[in-house]
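>>> coordinates only, sequence not included:
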Ligand SMILES: Cc1cc2nc3c(=O)[nH]c(=O)nc-3n(C[C@H](O)[C@H](O)[C@H](O)COP(=O)(O)OP(=O)(O)OC[C@H]3O[C@@H](n4cnc5c(N)ncnc54)[C@H](O)[C@@H]3O)c2cc1C
């Protein structure tokens, strides 16, 4: 496909026939479902049956009280209103590739965001794409690189969603999501939709101001601005090859557990490795032999095992180097009460 065309147009908007526009707001959401009912695409009948371990790359976590799978942006909006009207704690989940869930589960409404299944990527200008937040970030990275667009080469190896990447400011290989984000569409807890431009957003290392927006319910879509880069796919292949050699990508994990400490010039994984902790095991959780900043679930690991191993690693690194490691993965407790 010629550069400039990106991929075929599939509008994200929620009603048939809606005009494409880069400032498009979603059309009115579906009616808020009753918790005891199902309505098109929103199934809230899975109470207590959804195990978070089945929804996370770690494979750890107990049941959630209420569960919805959102297959359209409108479902995310409805879910936000539903959570508010029932005073339920709300958790939007992408691939669960950066989360550690409690063994007890989550006492609230979990919304599994797959809101891009039939509504993939919309081209909104040369090098600009608008993508539903449930779209796989790695697929977006590969598709854009294959078509000769640069900026998301690193995404090819990141197993999350577009929404998760914006929220976390995911990054690798010297690139990060923030560099190519033009705007983010969000819904707040009242169910109101807003478009946040670059000027409304701040990003840092694995951090975005979205993490501190008290009224944020969900990211609905992200518009990226990419640049022509004919060598993008080759660069991406190199990144993926390096990742295959250096990370335990076939094991169950949530990626890097710790942030690289600021200003010390040594990565968290190196510190853990020098501390002699590679292969260290607590219960079913183990510090990877391949990459010391990964904790893997060797089978049957509990959140308790992982938290104990995290505490052990932090303590050892602190005693040895006087450096306090900080978690990159997000621990989601059963309840915030
Ligand atoms: C093998 C492996 C390799 C990895 N490599 C990298 C890497 O190189 N670089 C890197 O940065 N990360 C990496 N990660 C971590 C992870 O993939 C990223 O942080 C990713 O961006 C998380 O996306 P997700 O959709 O899975 O988010 P989740 O884990 O589902 O959620 C993470 C947080 O984002 C919030 N969130 C997710 N979607 C939304 C939304 N639509 N609206 C509002 N909030 C939302 C969640 O509530 C949660 O707080 C790796 C993970 C694994 C397992």
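It's in. This is a predicted model, so every value here is computed, not measured. Residues are numbered from 1 along each chain as shown.
>>> residue contacts, the residue nearest to the spatial centre of the chain?
By CA atoms, centre = their mean, the mean C-alpha position of the chain lies nearest to residue 164, the distance being 2.3 Å. Residues near residue 164 by CB atoms under 8 Å, 6 or more residues apart in numbering: 94-95, 97-98, 137, 170. The way it works is simple: take the backbone N, C-alpha and C, and place the C-beta from them, glycine included.
>>> do the same with residue 98
Residues near residue 98 by CB under 8 Å, 6+ apart: 160, 164, 168, 254-255, 328-330.
>>> surely the residue nearest to the centre of the chain is within a strand?
No. Membership of residue 164 in a strand is not supported by DSSP: H, G, I helix; E, B strand; the rest coil, which gives helix.
>>> secondary structure element for residue 266, which one?
Residue 266 belongs to no helix or strand when elements are defined using DSSP states H and E.
>>> hmm, back to that, most neighbours among the contacts of residue 164, which one?
residue 137 (30 neighbours; other CB atoms under 10 Å).
>>> hmm, that residue is touching residue 161, no?
Yes. Counting by CB atoms under 8 Å, residue 161 is a contact partner of residue 137 at 6.0 Å.
>>> residues contacting the closest residue to residue 270 other than its chain neighbours?
Distances taken as CB to CB, 6 or more residues apart in numbering put residue 292 closest to residue 270, at 7.5 Å, once the chain neighbours are dropped. If you count contacts by CB under 8 Å, 6+ apart, residue 292 has them with 269-270, 272-273, 277-278.
>>> buried subset of these as a ChimeraX selection?
Selection of buried members from the contacts of residue 292 for ChimeraX, criterion 16 or more other CB atoms under 10 Å:
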select :269,272,273,277,278
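>>> state the distance from the residue lying closest to residue 330 once chain neighbours are set aside to residue 164.
Spatial nearest neighbour of residue 330, excluding adjacent residues (CB to CB, 6+ apart): residue 99 at 5.3 Å. According to CB to CB, to the nearest Å, residue 99 stands 9 Å off from residue 164.
>>> per the record, what domains does the chain have?
When the chain is parsed with automatic domain parsing, its domains come out as 1-246, 250-332.
>>> tell me, which of those is the model least confident about?
Between these, the one with the least mean pLDDT is domain 1-246; it has a mean of 83.
>>> can you give me the offset of it from its chain's centre?
7 Å (CA atoms, centre = their mean, to the nearest Å).
>>> how about that domain against the ligand, any contact?
Yes. Domain 1-246 comes into contact with the ligand (CB under 6 Å from any ligand atom), by way of 57, 91-99, 113, 133, 157-161, 163-165, 167-168, 170-172, 206, 218-219.
>>> list only buried entries from those residues.
Buried by 16+ other CB under 10 Å: 57, 91-99, 113, 133, 157-161, 163-165, 167-168, 170-172, 206, 218-219, out of the residues of domain 1-246 next to the ligand.
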